[in-house]
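Visitor: Got a predicted structure here, sequence first:
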Amino acid sequence: MDDPGDETYQDAALVLESALAGDEHAVANTFDSVVDRRGMSAAYDVAWRLAGEMVGDNLVRGPWRLEFPDIDDANYDQRWVARFVSAYANEDEPSATALFTVALVDGKLEQCLLTLAGSAVATLKRRGAA
């Protein structure tokens, strides 16, 4: 059996590849496949990995305050991504888990994950890594 970490990495790569191609349907299908194969917690793991791609490897640990001007006026999914990435940057998995769960309950998780994938690709492009 494959290592779940390897599977998470492969699933995140598929999400990024689809998002890079601008194929929202494929992004959503990849997340659906992850849930079908390994459950909702695996979809969370993929989302956590995407947040990690956005933050990068060279983050000095410590409490971070990420600035998102006018975030309270943004759409639900944009606010969610900002808060999820902030939770990642602060190694705050309880907050990230709560955000993920609330988006699921609110029926907004799919759009939040699509926005997260798009934001990750935009970040990687800006860095020249995609």
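Guide: Cool, the structure landed.

Visitor: Report the contact partners of residue 111.
Guide: 76-77 (Cβ atoms under 8 Å, 6 or more residues apart in numbering). Where C-beta positions appear, they are placed from N, C-alpha and C, glycine not excepted.

Visitor: in what helix or strand does it lie?
Guide: Using DSSP states H and E, residue 111 maps to helix 109-127.

Visitor: and that helix, how far from the chain's centre?
Guide: 7 Å (Cα atoms, centre = their mean, to the nearest Å).

Visitor: Name the residues of that helix that come out as buried.
Guide: Of the residues in helix 109-127, 109-121, 123-124 count as buried by neighbour count, 16 or more other Cβ atoms under 10 Å.

Visitor: So for stretch 79-98, what gets flagged as buried?
Guide: Buried residues in stretch 79-98 (16+ other Cβ under 10 Å): 79-90, 92, 96.

Visitor: what about the residue most central in space within the chain, which helix or strand?
Guide: Nearest to the geometric centre of the chain sits residue 47, at 3.3 Å (Cα atoms, centre = their mean). Per DSSP H and E, residue 47 falls inside helix 40-55.

Visitor: what's that helix in contact with?
Guide: Contacts for helix 40-55 (Cβ under 8 Å, 6+ apart): 4, 7-9, 11-12, 15-16, 31, 34-35, 84-85, 87-89, 93, 96-97, 100, 104, 113, 116-117, 119-120, 123-124.
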